[in-house]
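Q: below are the sequence and a predicted model for it; my questions follow.
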Amino acid sequence: QVQLVESGGGLVQPGGSLRLSCAASGSIFSINTMAWHHQVPGKQRELVAAATTGGATNYADSVKGRFTISRDNAKNTVYLQMNSLKPEDTAVYYCAYCSGYGCYQKRGAYEYWGQGTQVTVSS
């Protein structure tokens, strides 16, 4: 079992910044993928950004150039720095984890999910 605990959500004005954190604990595989997804009511959960222990990253087109995913492998923690936030970024943001790189390569599903943290971008 792997537990994921997110923090850092909140209310921010358009153009502002937020930093999300997700700490993983439990039976963590040394090679893994951690990612951020977001979901708005009535829509499917979508991948925002993913990062592997090997240093690979990918992003949704809608956040490229504005969001940065990073991780501290020693702390089993992944971060999402969100800059130039837009109202359409408003969503619940979920941290996710899978062992290995299968989910990163879209050959498998994320195995564990956090409880989610609300991000609201509004003036």
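A: The structure has been received and is ready for your questions. Numbering: from 1, shown residues only.

Q: rest of the way, CA atoms for contacts and neighbours
A: Noted.

Q: list the contacts for Val63?
A: Val63 is in contact with Val48, counting by Cα atoms under 8 Å, 6 or more residues apart in numbering.

Q: now the spatially most central residue of the chain: which helix or strand?
A: The residue lying closest to the centre of the chain (Cα atoms, centre = their mean) is Trp36, at 1.7 Å. Trp36 belongs to strand 32-39 when assigned by DSSP states H and E.

Q: other SSEs contacting that strand?
A: Using 3 or more Cα pairs under 8 Å, 6 or more residues apart in numbering; DSSP states H and E, the elements in contact with strand 32-39 are strand 46-52, strand 77-82, strand 91-99.

Q: kindly present the ones you listed as TSV, with separate columns for distance to Ser122 and mean pLDDT.
A: Listed next are the helices and strands packed on strand 32-39 as TSV, based on distance: least, Cα to Cα, whole Å; pLDDT from 0 to 100:
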stretch	distance to Ser122	mean pLDDT
strand 46-52	20	96
strand 77-82	15	98
strand 91-99	12	97
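
Q: could you identify which of those strands is most buried?
A: strand 91-99 (a mean of 24; mean count of other Cα atoms under 10 Å).

Q: ok, that one: who's next to it in the sheet?
A: Strand 91-99 has the following strand partners under DSSP bridges: strand 32-39 (antiparallel), strand 112-113 (antiparallel), strand 117-121 (antiparallel).

Q: which one, of those, ends up nearest to Met82?
A: strand 117-121 (10.3 Å; Cα to Cα).

Q: so what touches the closest one?
A: Contacts of strand 117-121 (Cα under 8 Å, 6+ apart): 6-14, 85-94.

Q: taking the mean pLDDT, what do you get for that strand?
A: Averaging pLDDT along strand 117-121 yields 98.

Q: pull the CA atoms of it into CSV?
A: Taking C-alpha atoms only, strand 117-121 is exported to CSV below (Å, rounded to 0.1, in the frame of the first residue of the first chain):
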residue,chain,number,x,y,z
THR,A,117,-6.8,19.4,-3.0
GLN,A,118,-9.0,22.3,-4.4
VAL,A,119,-7.4,25.0,-6.5
THR,A,120,-9.6,28.0,-7.3
VAL,A,121,-8.5,30.7,-9.6
